[in-house]
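Asker: Here is my input, please return the structure:
(2 chains)
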Amino acid sequence: GENVEQHPSTLSVQEGDSAVIKCTYSDSASNYFPWYKQELGKGPQLIIDIRSNVGEKKDQRIAVTLNKTAKHFSLHITETQPEDSAVYFCAASGIYNQGGKLIFGQGTELSVKP
Amino acid sequence: ETGVTQSPTHLIKTRGQQVTLRCSSQSGHNTVSWYQQALGQGPQFIFQYYREEENGRGNFPPRFSGLQFPNYSSELNVNALELDDSALYLCASSLKAGGSGIGEKLFFGSGTQLSVL
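Answerer: Residues are numbered from 1 along each chain as shown, chains lettered A, B, ... in the order given. As a prediction, the model looks like this:
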């Protein structure tokens, strides 16, 4: 069935270091891959997304890469700051899925230490 | 902050009861999706409503039902509550321009925390 695996489950970095979170997906028809940041007591916030016709996308300190052949995608955060501390979720949608249906990974709890 | 609002923010019910959760979509959006997020897990798709009809459904039993109103707001109803229904219920709105809406950006509200005792 449809599945998204996310690693690591927890990640601790020093302020200023880079953080990388990796996801793999099972549905080869998936063509949209968003990343969400969820802070305590809040809903997931869309931070960046990528479509299957693009291999890489960058927005300031955040970048996402996609390897469709290997069916994996990654989130890269550079120059991390304490306010980046949160739970990050990757997700995948697919052309044959119902519109609006995202399959989420299990989440990565990122801790940025000052 | 998104323009998606959910009510109530917290709710406590007992097993067997029924519950209704409400969601107002972001201005300019015409589609609402509902997700269930258990503690420590990623959200799971329940269903989506577009043009006041269910547009797709995840692996949830029929006791989970919904509505969408002409102003694009939505309700999630859960009958015969079970202990495992305890979770954060998230509403997400999006703009579906037509077709299957592949890759539409979802914007989530802060959720309703439901506890079933």
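Asker: Provide the partner residues of the nearest residue to B:Leu67 once chain neighbours are set aside in its beta bridges.
Answerer: Distances taken as Cβ to Cβ, 6 or more residues apart in numbering or on different chains place B:Glu75 nearest to B:Leu67, at 4.7 Å, with adjacent residues excluded. (Glycine included, C-beta is placed from N, CA and C.) Applying DSSP bridges to B:Glu75 gives these bridge partners: B:Arg22, B:Leu67.
Asker: Might you report the residue contacts of B:Glu75?
Answerer: B:20-23, B:66-67, B:69 (Cβ atoms under 8 Å, 6 or more residues apart in numbering or on different chains).
Asker: Which pLDDT value goes with residue 18?
Answerer: This is for chain A. The model reports A:Ser18 with a pLDDT of 98.
Asker: was after chain B, sorry
Answerer: pLDDT at B:Gln18 comes out at 98.
Asker: That one contacts B:Asn79, correct?
Answerer: Yes - at 4.9 Å, B:Gln18 and B:Asn79 qualify as touching, with contact defined as Cβ atoms under 8 Å.
Asker: Identify the contacts common to those two.
Answerer: Joint contacts of B:Gln18 and B:Asn79 (Cβ under 8 Å, 6+ apart) do not exist.
Asker: where does the residue of chain B found nearest chain A land in three-state SS?
Answerer: Chain A sits closest to B:Gly56 of chain B, with a gap of 2.2 Å, by Cβ to the nearest Cβ. Following DSSP: H, G, I helix; E, B strand; the rest coil, B:Gly56 is assigned to strand.
Asker: How many residues are close by it?
Answerer: Using other Cβ atoms under 10 Å in any protein chain shown, B:Gly56 has 18 other residues around it.
Asker: Who is it paired with across the strands?
Answerer: For B:Gly56, the beta-bridge partners are B:Gln48 (DSSP bridges).
Asker: Can you give me the pLDDT of it?
Answerer: B:Gly56 is assigned a pLDDT of 86 by the prediction.
Asker: shouldn't it be in contact with A:Leu102?
Answerer: No - using Cβ under 8 Å, B:Gly56 is not in contact with A:Leu102; the gap is 11.1 Å.
Asker: Pull up the overlap in contacts between these two.
Answerer: Shared contacts of B:Gly56 and A:Leu102 (Cβ under 8 Å, 6+ apart): B:Phe45.
Asker: Kindly reformat the contacts of B:Glu75 as JSON lines containing distance to B:Gln37 and neighbour count.
Answerer: Below are the contacts of B:Glu75 laid out as JSON lines (distance: Cβ to Cβ, whole Å; neighbours: other Cβ atoms under 10 Å in any protein chain shown):
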{"residue": "B:Thr20", "distance to B:Gln37": "18", "neighbour count": "14"}
{"residue": "B:Leu21", "distance to B:Gln37": "13", "neighbour count": "21"}
{"residue": "B:Arg22", "distance to B:Gln37": "17", "neighbour count": "15"}
{"residue": "B:Cys23", "distance to B:Gln37": "14", "neighbour count": "27"}
{"residue": "B:Gly66", "distance to B:Gln37": "17", "neighbour count": "22"}
{"residue": "B:Leu67", "distance to B:Gln37": "21", "neighbour count": "16"}
{"residue": "B:Phe69", "distance to B:Gln37": "24", "neighbour count": "13"}
